[in-house]
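1. sequence unknown, structure follows:
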């Protein structure tokens, strides 16, 4: 005896969190049933495999019907087809757009193109995230990216409004295409990058200045995912700090006198100051060129983090140094630039 | 020109992309009513158009208003080719036609297309201006309210319950018209949807006219169904109960009745023995104390009705001046058999082992064009062990007939008169105002097999009318045979396969209190009430108890309890004459009042009366059965079906009875037997809720007897089975908490359950009826029901008995409105529909394998429901409604709609405890009745009604007390009371009330804290703050609409009925695989139907649908063509409810315990 047709529809749509998880992870119905069995639901509820199968299928069908709505979360709130309590709706959206950090780490900075999608098999193998789940997450990234691409205003807010969640870091990275895949960057997690993206957007983007964007300014028309061009242009002016020997010496003496006796790696600092300073300033100066932008994190690691690490700087040392390094000059542009750099470095300075 | 319909199209959203090039849509809207059509402008290039149209005005007859639906079509404008339809919205404007319902329909409606499903939403505003034409009620039936609810709606009171109304309209099915060959499936589906909508409107209007003719203003228990007869047409038919309803203007003053049944249940333990005679028979017993129930309102009506010495057994029917009708009294079957059909009648006696008589075949010669068999089944409560194998149907029938005659003669012919006035004394209600139901006889049902032929003249649907009239006549005569003049819980259904149609009707034979019916006595009663009330009221007003009045007025008009039957058990008492029983029943004296006879088992189609005294909890009981049938054509087919029917009925009942015994219960409520016909089989599915009625005797066990006693292994096997059965019974008793109190016989001093003694008693009482008692005696000794295992079939049957697994712990299920024994529902509900289609394919199908498959299918479905709803535990599946269809060979479709309601386990325990404590207390003060009384006052209302209105406790303290006082009078003056005039009683009441008020004062002082907290928690307080409790969820843009098949919402109060929802949808697909196969297709469709129902309710301003029912779900597929089609018909009542906020409920729990010490300390022994 086989059931050709088997449906259960509640006036309030039943959402089983466990099955939703399994569905999101890209398991087939059979796999999901097997996993639920292993979870011991049979023993707990004293039911049969057939019941479990039927239940899983019902949920999968519901999720498939919901998926269309999940692609535009605000529609989920307005739609009449499924009666879902608001907190459940929020959960559905959050879980749907949640991503595996391992996967996100892989995709950071990559172009969200068909080519990348084809590589997902490898990514799936590397990260241990199911291929279907990889594809869904990839599509999510792309969907969010596409949706906000054309929009003005603060990126994070736009995403929040459209997708009811925080997705800004990924879009920011996808936009700027920072290189994150190099071996020397492998020690950095997605969370590190997300934090960096947040500080960069927070300090450098148009909205971060706390003033309404001037409608006549060219960057007002730009989407917020890009860093404002004028800002990046201005950063070039900072090069003088390292190019002009007097300025560099002056900067060094100010920082060194402030740190003498307060820092355990004072000698190393004194020896490396010029190299560090050059690296810190040049990273900013290179941001105007798309090709150089890619190397932002590589440069920071190679030229700042690794030398410090080999000299056995403690994170406290680095913090102290960066604080005084920044404080030694009083210039709005400099402070704005260094705020993000400091945050990024401190976040990235670990094993 | 009595009406102006105004429609405004506001906006659309989420429209589908109709223009691939631009990914946008140029949408406009056509608004059509009758033959008039308006159009909006085209809103170019948008998926979210803002039309903001002017008001489109239609000036129409009210007749048209009632019949026609408003049709809104959304289209995509196309400059070069024809405009593409996006979808439609049909809006039934009926709710706008009566003043008390909705005033405007406004909101977002899903745009529905029969091929694509929901495609976006449209915002519409609809209003109706009805001109104040006094005459309009004569022309149409605008203003008649319709309710699907099968009880008196919560914020109304029934002034008069007029009775049965029915109507049917027929038409050609558009799907079978020639034009269907050339039109698109969409056009065909839309034609059908529109036609059914139109026919529904017409039907409703016609029924409304009948109601007006009866001088009613509402139809309650309205059930409309359609029969897809294929080639021969489309029948839309409806039945209902005409009533005159009064809106309770001040609902807060009448909280008890407006509350959910859970509350009503809680009210019950107001312990009063309403039967004055009982007290003379001896001291009250713990049982009585524990279980007697009497709600305040009820006792009031007692007061008012008490001067009426006439019992309702002799309804005083004044000859009606209007509509004289000749009534064919069907005491002799020949009278109703004047048509050229062959009729076979039989009585199936439960528990008796007589063979069905229908082995006699029908000669096909008689069946010409229209074959018409009538298989009747008369079900009644009868003794399990009392059946006599030797008896044949013939003698019984004679007996039955004699009995009918004599009963009618004895009753002074009043049923005659009654019936002359009402063609069919049927009531579609399943729950009644207290006191309405006097006695219940048992289930009566009738079935008839018909051959369908084309309906030649749709305007005169005489054949179909005649068919139903015939069946109803059968039902009526069965009821008569049971000594009943009415049928309650009445319903009708059909099952159609090809050209064969089984018409079924069933109900519960009952004796009703005539005061409610449109009747000569009604006026008398009213007058009486009026003459009574001033006196009573003055007492109340003296003491400032003004609030008391509406309640008393209401209840007294609602009620009229027959003095002889206590409400807790009165309905169980046999209505028929025990000396001339219609069948051999096993009668005992009522275990409750010890005064009247009761059967040992009671089957009914109604809900458990609120006042019924139940031990333990109830459970869903199902009997399932498959019977193979040869494929045949026309007459031969009809013959074989009608030959099978009696066997099926018999087996279904045997199964039900066995399963009932297996659970240690003695009564079935909500019994619904569905027989479905397919091409090569018949299926029977009976569902009911089993309970243990305290008034009925404890059921005996089941005993297995083997045929070959000498075989040792066989014996062992048998004894093993016996043990298993006994274990199951014991387990079930524990599970359902069935532990009826043992009755010490010497204390009771009344007839005893022990068979021997009883029969002796019987004999001594009724010398003349030796035969009956002898019969009773011979079988009464066996207290167990014997199952004889003589072949493998029987073995299978026994096995199948044991395969029903009880629901997992934390779950209960029932098919009635409320679960007996659970009364503390939380507001969390989940209504659902589940549909399964299974192939019962076996290579060589036999009845046994099919039975097993079908049984497994049902059990698995239930299991799956329990699993799905496991997060709601502890919960109860209420109103579990199974429908079976046989869409194709070997395919079985089961659809289930039910609601899961969570209950509070802790409070259940408390509620259980309360009565016990009370009974103990009561026992201690038993000899000083008046002293125990104040104790009740404080312990009962407070402990057992944690949510009861504060008013009753506080201001209404005396109203509470006043009632029992009146009863106390009854008790203490039991003998003379009836004969006494009215005024002395009033005086006595007065003094009693004074005394009790004093007591109440003391109590109030003693427990002020408690009462204040109670007030906070009470729905009354909540009622005052109604404006505050906006039920919709503020976070969501879509308002939440609850749906439930029940007539109430737990933890909420229905404040307004907005009108009936009756919707019919067709969905078709030609890309079945792409839509996820049959399951994907149907899943989406059911979700869409729910969504459309919710949208309509929300647009009416409602937040819930009660009495929701999916009446039809016809699913057809053609996988080879990748096609499927489904028709769904749903209905319900749109309502506004107000929730009792959870915050307000919180303080209740601690306070429930508090009053008890206070009361016992302060007042017990003074």
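-> Received the coordinates, thanks. As the structure is a computational prediction, the values presented were derived from the model and not from experiment.

2. Surely residue A:242 touches residue A:281?
-> Yes - at 4.9 Å, residue A:242 counts as touching residue A:281 under the criterion of CB atoms under 8 Å. Where you see a C-beta, it was placed from the backbone N, CA and C, and this is true even at glycine.

3. Pick out whichever of the two has more residues nearby.
-> Neighbour comparison, residue A:242 and residue A:281: the larger count goes to residue A:281, with 23 against 19 (by other CB atoms under 10 Å in any protein chain shown).

4. so who does that one touch?
-> Contacts for residue A:281 were tallied using CB atoms under 8 Å, 6 or more residues apart in numbering or on different chains; they are A:238, A:239, A:241, A:242.

5. for whatever helix or strand the third one lives in, packing partners?
-> So the one you mean is residue A:241. Following DSSP states H and E, one finds residue A:241 within helix A:240-243. When contacts are defined as 3 or more CB pairs under 8 Å, 6 or more residues apart in numbering or on different chains; DSSP states H and E, helix A:240-243 packs onto helix A:245-259, helix A:266-285.

6. For the helix or strand following the last one, list every residue counted as buried.
-> Translated: helix A:266-285. Reading on from helix A:266-285 to the C-terminus, the next helix or strand found by DSSP H and E is helix A:290-293. Buried residues in helix A:290-293, counting neighbours by 16 or more other CB atoms under 10 Å in any protein chain shown, are found at residue A:293.

7. Equivalent analysis for stretch B:1067-1079, please.
-> Residues of stretch B:1067-1079 classed as buried under the neighbour-count rule (16+ other CB under 10 Å) are B:1067, B:1068, B:1069, B:1072, B:1075, B:1076, B:1077, B:1078, B:1079.

8. Now do the contacts for the nearest residue to the fifth one once chain neighbours are set aside.
-> Nearest residue to residue B:1075, sequence neighbours excluded (CB to CB, 6 or more residues apart in numbering or on different chains): residue B:1081, at 4.9 Å. With contact set as CB under 8 Å, 6+ apart, residue B:1081 has these partners: B:1067, B:1069, B:1072, B:1075, B:1124, B:1126.

9. can you tell me which helix or strand residue B:1081 belongs to?
-> Per DSSP H and E, residue B:1081 falls inside helix B:1077-1099.

10. Give the next helix or strand downstream of that helix.
-> Using DSSP H and E, the helix or strand that follows helix B:1077-1099 in sequence is strand B:1104-1118.

11. which non-adjacent residue is nearest residue 74?
-> Using chain A. Nearest residue to residue A:74 in three dimensions, chain neighbours excluded: residue A:162, at 6.9 Å (CB to CB, 6+ apart).

12. Wait, chain B was what I had in mind.
-> With sequence-adjacent residues excluded and distances taken as CB to CB, 6+ apart, residue B:74 is closest to residue B:86, at 4.3 Å.

13. Quick check, the one you found in contact with residue B:14.
-> No - checked against CB under 8 Å, the pair residue B:86 and residue B:14 is beyond contact range at 11.1 Å.

14. my guess is residue B:92 contacts residue B:69, does it?
-> Yes - look at residue B:92 against residue B:69 with CB under 8 Å: they come within range, at 5.5 Å.

15. what sits in contact with each of those two?
-> Shared contacts of residue B:92 and residue B:69, counting by CB under 8 Å, 6+ apart, come down to B:197, B:201.

16. Tell me which residues touch the residue lying closest to residue B:173 once chain neighbours are set aside, please.
-> Once flanking residues are discounted, residue B:173 sits nearest to residue B:234: 4.2 Å by CB to CB, 6+ apart. When contacts are counted by CB under 8 Å, 6+ apart, residue B:234 is found next to B:170, B:171, B:172, B:173, B:195, B:196, B:199, B:226, B:227, B:228.

17. Just give me how far stretch A:147-156 sits from the chain centre.
-> Offset of stretch A:147-156 from its chain centre (CA atoms, centre = their mean, to the nearest Å): 16 Å.

18. following the longest helix seen in chain A, which helix or strand comes up?
-> The single longest helix within chain A, with elements called by DSSP state H, is helix A:49-70. Tracing the chain past helix A:49-70, the next element assigned as helix or strand by DSSP H and E is helix A:73-78.

19. which helices and strands sit right next to that next one?
-> Using 3+ CB pairs under 8 Å, 6+ apart, the elements in contact with helix A:73-78 are helix A:49-70, helix A:86-97, helix A:155-163.

20. Quote the end-to-end distance of stretch B:15-26.
-> Taking CA to CA, to the nearest Å, the span from the opening residue of stretch B:15-26 to its closing residue is 10 Å.

21. In three-state terms, label residue A:20 for me.
-> In terms of secondary structure, residue A:20 is helix; the call rests on DSSP: H, G, I helix; E, B strand; the rest coil.

22. For it, give its distance to residue B:726.
-> With distances defined as CB to CB, to the nearest Å, the gap from residue A:20 to residue B:726 amounts to 46 Å.

23. More neighbours: which of those two?
-> Higher neighbour count among residue A:20 and residue B:726: residue A:20, with 19 against 15, using other CB under 10 Å.

24. and the residue of the stretch 601-750 of chain B found nearest chain A, what are its bridge partners?
-> Residue nearest to chain A within the stretch 601-750 of chain B: residue B:626 (12.1 Å; CB to the nearest CB). Bridge pairing for residue B:626 (DSSP bridges) gives the partners residue B:683.

25. Verify the stated contact: it with residue B:847.
-> Yes - applying CB under 8 Å as the test, residue B:626 and residue B:847 come out as touching, 6.2 Å apart.

26. Could you check which of those two is surrounded by more residues?
-> Between residue B:626 and residue B:847, counted using other CB under 10 Å, the more crowded position is residue B:626 (27 against 15).

27. which residues touch that one?
-> By CB under 8 Å, 6+ apart, the residues touching residue B:626 are B:681, B:682, B:683, B:684, B:840, B:847, B:850, B:851, B:853, B:854.
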